[in-house]
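Asker: Curious how this folds, go ahead:
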Amino acid sequence: MSKSLKLFGAATLGVAGVMVVAVNFADRNIAGMPAEPQLLGALPAPEPVETAEAPQGLLVGAAQAATSAGDGKFGLGRTALPEEVAAWDHDISPDGTGLPVGAGSVEDGEMLFEDNCASCHGSFAEGVGNWPKLAGGDGTLNHADPLKTVGSFWPYLSTVYDYVHRSMPFGNAQILSDDEVYAITAYILYSNDLVDDEFVLSNENFTEVEMPNSEGFIVDDRAETEYPQWRADPCMEACKDEVEITMRATVLDVTPDQAGSEAEPAATEAAAAPAEDAAPAAAEPETAEAAPAEPAVQEAAFDPDLAAEGEKVFNKCKACHQVGEGASNRTGPELNGIVGREVAAAEGFKYSDAMMEHGGTWTPEELRAFLANPRQDLKGTRMAFAGLRKDEDLDAVIEYLKSFP
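Answerer: As a prediction, this is how the structure comes out:
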């Protein structure tokens, strides 16, 4: 037994001796930390790191290290050059600060919008699918489901310019020149009926454009009025003497009424009935007195001045429709002779099922109802246009269409 203990003790001493030699050898062959560590690249050498300033156990993230580079605490990065700051400093203030020199017209903006924006926002800024609507929503902010667009909600035009300039078009941001951003901003204003079709937006008249909802915002004073209420120690028990139900949830029934859905075809049939009744009367033998009466009524009814105004309104329609000599079907059918023409009668154009089933004739009254709100007037129409909101625009464009028999 004593012999085994002697062997074990000798082995233990041998291992301990080897470990001492190994540690001494390793200490002598470890490279020391350089006094002035260098970053890769041609950056100037930072000041020596003062490790005493950093709290022990603190892990410094890359972002914190970068922002602290200027004071030399971590030895990372450098101060940004003026030209590097300028490359990212695109913000535009409501008072016009930051606006670049430039100008753009509604006319140019329409083409630019069609090429760069319409695939998501629609040709008339009415939105496609779930992409944002940029136009419309006037008077809806007090509704249960308000439509918040540039025209109905945004308080500052500078937000439009800044966002388009910085982030659009989607997936290919900042390819637009300053003049092109002015033009697109002008077209968005035009789509919201805030400027006319001859308007030119520039850095000189930018702040003169007043947005409809500019007074619809208040200063956020929650830090003073609300934060103290819920940042204090919360009540955890017996907070109220009694609990009282003050209101109950309301069930919103959004399913269309059966009576209403059946009434729509009935109304359509009723509207079409007079036209069918009138057909035999028109086929009766013509008399000398009746023949000249019809042209006289049409000539008296046509208003060339109103039609001239309608030509300007029709600029909103040109992206999809043509009129006049050589007009052809495009995204929408050609509209020569549309006033008085049968519905879905343009040769060679593929209409939606809803339009094919509509039937009847495009009377001025029918056109007016449809152009005011196409999707509401005819469920299932493929026409993406949001509609003309002004009565005078509806009258004018219908009068203009009358000039193309």
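Asker: So which helix or strand of the protein has the lowest pLDDT on average?
Answerer: Every helix and strand of the chain was ranked by mean pLDDT, DSSP states H and E. The lowest is helix 258-283, at a mean of 44.
Asker: any weak-confidence spans in the stretch 251-400 of the chain?
Answerer: Residue ranges of the stretch 251-400 of the chain with pLDDT under 70: 251-301, 319, 384, 386.
Asker: which stretches of it form helices?
Answerer: Remark: helices assigned in the stretch 251-400 of the chain by DSSP state H, counting those that start in this stretch are 258-283, 293-301, 304-313, 353-358, 364-372, 374-377, 391-402.
Asker: repeat for the stretch 1-150 of the chain
Answerer: 2-28, 62-67, 82-88, 106-116, 118-121.
Asker: Least confident of the ones you listed, on average?
Answerer: When mean pLDDT is averaged over each of the helices of the stretch 1-150 of the chain, helix 62-67 scores lowest at a mean of 48.
Asker: Leaving aside the residues adjacent along the chain, what's closest to residue 99?
Answerer: Leaving aside its sequence neighbours, residue 99 sits nearest to residue 203 (C-beta to C-beta, 6 or more residues apart in numbering; 4.5 Å). No exception for glycine: its C-beta is placed from N, CA and C like everyone else's.
Asker: distance of that neighbour from residue 159?
Answerer: Residue 203 sits 16 Å away from residue 159, going by C-beta to C-beta, to the nearest Å.
Asker: what about the spatially closest residue to residue 369 that is not a sequence neighbour, how many neighbours?
Answerer: In space, and not counting its chain neighbours, residue 369 is closest to residue 377: 5.1 Å by C-beta to C-beta, 6+ apart. The number of residues packed near residue 377 is 16, by other C-beta atoms under 10 Å.
Asker: how close does residue 115 sit to residue 123?
Answerer: Per C-beta to C-beta, residue 115 is found 11 Å from residue 123.
Asker: The two: which is more packed in?
Answerer: Between residue 115 and residue 123, residue 123 has the larger neighbour count (other C-beta under 10 Å), namely 21 against 11.
Asker: Just the buried positions in stretch 190-200, please.
Answerer: By 16 or more other C-beta atoms under 10 Å, the buried positions in stretch 190-200 come out as 190, 191, 192, 193, 194, 195, 197, 199, 200.
Asker: Output that stretch in CSV with nothing but the alpha carbons.
Answerer: Output of stretch 190-200 as CSV, limited to C-alpha atoms (Å, rounded to 0.1, in the frame of the first residue of the first chain):
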residue,chain,number,x,y,z
TYR,A,190,-54.9,68.4,-59.1
SER,A,191,-56.3,64.9,-58.4
ASN,A,192,-57.7,66.3,-55.2
ASP,A,193,-59.3,69.2,-57.0
LEU,A,194,-57.0,71.7,-55.1
VAL,A,195,-55.5,73.2,-58.3
ASP,A,196,-56.5,73.5,-61.9
ASP,A,197,-54.9,71.7,-64.8
GLU,A,198,-52.7,74.6,-65.8
PHE,A,199,-51.1,74.9,-62.4
VAL,A,200,-47.3,74.9,-62.0
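Asker: which residues sit against it?
Answerer: 103-107, 109-110, 124-126, 134-136, 138, 149-152, 186, 189, 201, 209, 211-212, 312, 315, 389-390 (C-beta atoms under 8 Å, 6 or more residues apart in numbering).
Asker: Buried ones among the residues you listed?
Answerer: Neighbour counting by 16+ other C-beta under 10 Å classes 103-107, 109-110, 124-126, 134-136, 149-152, 186, 189, 201, 209, 211-212 among the contacts of stretch 190-200 as buried.
Asker: Give me the subset of the residues you listed lying in strands.
Answerer: 103, 104, 105, 201 (DSSP state E).
Asker: ok, those residues vs residue 320, which is closest?
Answerer: Checking those against residue 320 with C-beta to C-beta, the nearest one is residue 105 at 21.1 Å.
Asker: Dig out what the closest one forms beta bridges with.
Answerer: Beta-bridge pairing of residue 105 under DSSP bridges involves residue 200.
Asker: low pLDDT regions in the stretch 101-250 of the chain?
Answerer: Using pLDDT under 70, the flagged stretches of the stretch 101-250 of the chain are 250.
Asker: again, only this time at 80
Answerer: Within the stretch 101-250 of the chain, the ranges that satisfy pLDDT under 80 run 229-232, 234, 248-250.
Asker: rewinding a little: okay, and which of the buried residues of stretch 190-200 map to helices?
Answerer: Within the buried residues of stretch 190-200, residues falling in helices by DSSP state H are 190, 191.
Asker: Mind picking the one among the buried residues of stretch 190-200 that's closest to residue 119?
Answerer: residue 191 (15.7 Å).
Asker: how close does the closest one sit to residue 110?
Answerer: As judged by C-beta to C-beta, residue 191 and residue 110 stand 9 Å apart.
Asker: Check what pLDDT residue 59 gets.
Answerer: Listed pLDDT for residue 59 reads 41.
Asker: Could you shift the numbering so residue one becomes 764, and keep it that way?
Answerer: All set: I'll call the first residue 764, so the last point we hit is now residue 822.
Asker: Need the phi and psi values for residue 1010.
Answerer: Main-chain dihedrals, residue 1010, degrees, to the nearest 10: phi -160, psi 160.
Asker: hang on, I meant residue 992
Answerer: Dihedral angles (degrees, to the nearest 10) for residue 992: phi -70, psi -40.
Asker: returning to that earlier point: how deep is the residue nearest to residue 862 tucked in, by neighbour count?
Answerer: Using other C-beta under 10 Å, residue 966 has 16 neighbouring residues.
Asker: And for residue 854?
Answerer: 11.
Asker: which residue packs closest to it, ignoring adjacent ones?
Answerer: residue 861 (5.6 Å).
Asker: List the residues that contact that neighbour.
Answerer: Counting by C-beta under 8 Å, 6+ apart, the residues that residue 861 touches are 852, 853, 854, 855, 925.
Asker: Right, I'll call it a day here.
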